[in-house]
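Asker: Got a predicted model here, sequence first, then my questions.
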Amino acid sequence: MIESPFSERLRERRDPGGETASVLRFLVVVAAIFLCFVILFTEIFVGVRVEQSSMEPTLYSGDYVFVNRTVKPEHGDIIVIYSERGSDSKYVIKRLIGLPGDTVYAEEGVLYRIDAGTTEPYRVEEPYLVEDWNETLEPTTVPENEVYVMGDHRSVSNDSRPSHGSLGTLSLDGLLGVVTDFSLRHKDFFTGLFGIFS
């Protein structure tokens, strides 16, 4: 009897050694994918739960967002940073107003910044504010390796302003990361998803 090429292929597929190799390849691929996810969501992106009202209406207490640990923070970013000052040491989530060497001040609720290495004041546009803010702040120059931060809900925020708490400027050594634009846009989805497990 003449054996067809199809029968030969079928016999090869039934070879126990071939099946074992196939299963091992599959397990290696699954392990590699799992490892990539672990690295991605522990070393690059970290999920955080907001536990303050100082960033309302941008972020509410209970919201879940992701921070990127690999990007350099810029003016206007929302950051998560460690504070050793204040009533207790903890991570806080605030908006980055001034970088090292910048000078920050305000006149009747209008925020100004003089960027490091320049002399011209720059009016900081703050479309994220929904409350009246009429405060005047004396000029503060941000020390080296520190940042000046403020909450979007200015009347309740404990931040770098001398008149609002005791955080002062915060060390960049305590920076956890910058809140990603993607998680800000989809915070309701992430809050609903991770809220199931809390």
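Answerer: Looks like it arrived, so ask away.

Asker: My read is that Ser163 contacts Leu137, right?
Answerer: Yes: counting by CB atoms under 8 Å, Ser163 does reach Leu137; the two are 7.5 Å apart. Where you see a C-beta, it was placed from the backbone N, CA and C, and this is true even at glycine.

Asker: More neighbours: which of the two?
Answerer: For Ser163 versus Leu137, neighbours defined as other CB atoms under 10 Å are more numerous around Leu137 (18 against 9).

Asker: OK, contacts around that one?
Answerer: 104-106, 161-163 (CB atoms under 8 Å, 6 or more residues apart in numbering).

Asker: What does it show for phi and psi?
Answerer: Phi and psi for Leu137, reported as degrees, to the nearest 10, are phi -120, psi 130.

Asker: And it, how far from Asp159?
Answerer: Going from Leu137 to Asp159 by CB to CB, to the nearest Å gives 11 Å.

Asker: What of Met55?
Answerer: For Met55, the distance to Asp159 equals 10 Å [CB to CB].

Asker: Now for those two: what residues contact both?
Answerer: By CB under 8 Å, 6+ apart, Met55 and Asp159 have these common neighbours: 94, 151.

Asker: in stretch 76-94, what counts as buried?
Answerer: Of all the residues in stretch 76-94, those buried under the rule 16 or more other CB atoms under 10 Å are 77-81, 83, 85, 92-94.

Asker: May I ask which two of those residues are separated the most?
Answerer: The distance between the two most remote of those (CB to CB) is 20.7 Å, for Asp77 and Arg85.

Asker: so Leu96 touches Val147, yeah?
Answerer: Yes: the pair Leu96 / Val147 is scored as a contact, 5.6 Å apart, by CB under 8 Å.

Asker: Run me through the strand neighbours of the strand of greatest length in the chain, direction for each.
Answerer: With secondary structure taken from DSSP state E, the chain has its longest strand at strand 90-98. Using DSSP bridges, the strands paired with strand 90-98 are strand 78-83 (antiparallel), strand 146-150 (antiparallel).

Asker: so how far is it from its chain's centroid?
Answerer: 10 Å (CA atoms, centre = their mean, to the nearest Å).
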